[in-house]
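> here is my input; please provide its structure:
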Amino acid sequence: MKFAIAATLLSLVGFVASAAVPRQSCPEASRFGVISVTPSTVSPGDEIIVTVDLTCAINSFDIIPKYLDYTIEVSSASNAIKPPISVPPILLARRDFPAGATSDVFTTQVD
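Numbers count the residues shown, from 1 in each chain. Below is the predicted model of the structure:
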């Protein structure tokens, strides 16, 4: 009987504690933001739209950026230089992140 009461009490305490702590509804990878680029394949001279949603990073993980650097990295296997060599990242934009914002959207041209 004592065991049943103790188990019930522990279950009740666990239930109350779980209700008091907000649940993480975001996957851990979203702590860096969720990015989408349109169109998904580009060539030099193309214009792209970059959208980043940082809602989970800010609200669930308390990660608030001051600025965001957007780069493209080209693998040596997929560049047109023969023999393949390592190409440094291409900086598309460095953008300040406004206080209170949860997303960033911009258009740029790939040069």
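> okay, CA-based contacts and neighbour counts for the rest of this
Fine.
> how about the residue nearest the centre of the chain, nearest residue that isn't a chain neighbour?
Nearest residue to the geometric centre of the chain (C-alpha atoms, centre = their mean): Gly33, 1.6 Å. The shortest distance from Gly33 to any non-neighbouring residue, by C-alpha to C-alpha, 6 or more residues apart in numbering, is to Leu54 (4.5 Å).
> ok, that neighbour - contacts?
By C-alpha atoms under 8 Å, 6 or more residues apart in numbering, Leu54 lies in contact with 30-34, 102-103.
> ok, now which ones touch the residue nearest to the centre of the chain?
Gly33 sits next to 52-57 when contact means C-alpha under 8 Å, 6+ apart.
> so what secondary structure elements neighbour whichever strand or helix holds Cys56?
Using DSSP states H and E, Cys56 maps to helix 55-59. Applying 3 or more C-alpha pairs under 8 Å, 6 or more residues apart in numbering; DSSP states H and E, one finds that helix 55-59 makes contact with no other helix or strand.
> mind checking which helix or strand of this protein has the lowest mean pLDDT?
Sorting the helices and strands of the chain by mean pLDDT, DSSP states H and E puts helix 2-20 at the bottom, at a mean of 48.
> helices or strands up against the helix or strand just after it?
Next along the chain after helix 2-20, taking DSSP H and E as the criterion, comes strand 34-38. Helices and strands touching strand 34-38, by 3+ C-alpha pairs under 8 Å, 6+ apart, are strand 47-53.
> now the strand it packs on and strand 34-38, what's the angle there?
160 degrees (axes from the mean of the first three to the mean of the last three C-alpha atoms, to 10 degrees).
> list the buried residues for strand 47-53?
48, 50-53 (16 or more other C-alpha atoms under 10 Å).
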